[in-house]
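1. After the sequence you'll find the predicted model.
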Amino acid sequence: MSVVRCADPKALAAKVADSFNDAIAARLGAGQGHVHVALTGGTIATELYRLWPDRPGTAEVDWSRVEVWWGDERWVPSDSDQRNAEPALELLAPMGFGAVHPMPSGEGPGLTAAAQQYSAELGSVRMDICLLGLGPDGHVASVFPGHPSMNASGDPVIAVRNSPKPPPERLSLTLQTISASDEVWFIVSGSSKAPALTGSYHGDDELPGAHARGVRRTRWFCDEDAARSLG
Ligand SMILES: O=C(O)[C@H](O)[C@@H](O)[C@H](O)[C@H](O)COP(=O)(O)O
């Protein structure tokens, strides 16, 4: 595990964008045909998507060999501004990804069928890099502490009901699926996240963030406000 500390949210978002560019270019340069990346929703992730297309180095990457997935989604219609995927894809449009895989939206099949559909779409794909935000309660993707989503196993994607964070219905990768990723990257900003960050980093069992670990590497990108109590 490694921690990357940045002065403020803007520097944090820029650092994560540059790190993605470097890591993806390195994978492609090493002969990997395609790179699979899972993105997340949330405020700081949106800041990342806003500045990523214009970062120096972004134009150097062959994005046609990158496939984008989502770690979780809110079960609302596709034109809702609460969605994770569509607003992000609008910001990231200049990059021209080879393929994008938004999770199904609320006007489609039922929630359970949608989870099965995305599980099938995922098939045997494992993420090279899975990006995660962290909630103040320690949630990652739509896996919440003390909630049935924490113990889900079986299919890689689950239907989440009664989510403590609105909206109540969501889709999410399971912790097992997240932790099958080669790398897990956290992006964490703000003092409200400091206790959850410290607990997740140090392995507090009750926090979903403590169970999300990459097979090869776990990186914690955080700003000083979030990292305050990390030591
Ligand atoms: O759908 C969601 O709500 C997100 O995917 C969620 O897991 C998010 O990443 C964290 O809650 C952090 O969000 P903030 O950066 O807004 O605190």
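-> Thanks, I have it. Numbers count the residues shown, from 1 in each chain.
2. can you list the residues of the chain near the ligand?
-> 40-44, 72, 74, 84, 133, 135, 139, 141-142, 165 (Cβ under 6 Å from any ligand atom). Any C-beta I mention is one placed from the backbone N, CA and C, and that applies to glycine too.
3. Filter these down to the buried ones, PyMOL style.
-> Of the residues of the chain next to the ligand, the buried ones can be selected in PyMOL as follows, counting by 16 or more other Cβ atoms under 10 Å:
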select buried, resi 40+41+42+44+72+74+84+133+135+139+141+142
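4. now the residues of the chain next to the ligand in CSV, with pLDDT and secondary structure?
-> Putting the residues of the chain next to the ligand into CSV (pLDDT from 0 to 100; DSSP: H, G, I helix; E, B strand; the rest coil) gives the following:
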residue, pLDDT, secondary structure
40, 98, coil
41, 95, coil
42, 94, coil
43, 96, helix
44, 97, helix
72, 98, strand
74, 96, strand
84, 96, coil
133, 98, coil
135, 98, coil
139, 98, coil
141, 98, coil
142, 98, coil
165, 95, coil
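5. need the residues of the chain next to the ligand in a markdown table with distance to residue 175, can you?
-> As requested, those are exported to a markdown table (distance: Cβ to Cβ, whole Å):
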| residue | distance to residue 175 |
| --- | --- |
| 40 | 14 |
| 41 | 17 |
| 42 | 18 |
| 43 | 23 |
| 44 | 21 |
| 72 | 12 |
| 74 | 19 |
| 84 | 18 |
| 133 | 15 |
| 135 | 14 |
| 139 | 11 |
| 141 | 8 |
| 142 | 11 |
| 165 | 17 |
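6. Only alpha carbons, please: show stretch 213-224 as CSV.
-> Presented in CSV, the C-alpha positions along stretch 213-224 are these (Å, rounded to 0.1, in the frame of the first residue of the first chain):
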residue,chain,number,x,y,z
ARG,A,213,-7.5,-4.0,-1.8
GLY,A,214,-5.8,-4.5,-5.1
VAL,A,215,-4.1,-7.8,-5.9
ARG,A,216,-0.8,-6.1,-6.8
ARG,A,217,-1.2,-2.7,-5.3
THR,A,218,-3.4,-0.3,-3.3
ARG,A,219,-2.8,3.4,-3.6
TRP,A,220,-4.4,6.0,-1.3
PHE,A,221,-4.5,9.4,-3.0
CYS,A,222,-5.6,12.0,-0.5
ASP,A,223,-5.5,15.7,0.3
GLU,A,224,-4.0,17.0,3.6
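7. wait, what's in contact with residue 138?
-> 145, 196, 199-200, 204, 206-210 (Cβ atoms under 8 Å, 6 or more residues apart in numbering).
8. Which among those residues count as buried?
-> Applying 16+ other Cβ under 10 Å to these flags 145, 196, 199-200, 204, 207-210 as buried.
9. mind listing the strands for the chain?
-> Per DSSP state E, the chain carries strands over the ranges 2-6, 35-39, 66-70, 72-74, 99-100, 129-132, 157-160, 170-173, 183-188, 217-223.
10. Can you tell me how far residue 2 is from the ligand?
-> 20 Å (Cβ to the nearest ligand atom, to the nearest Å).
11. That residue bridge partners, please.
-> residue 219 (DSSP bridges).
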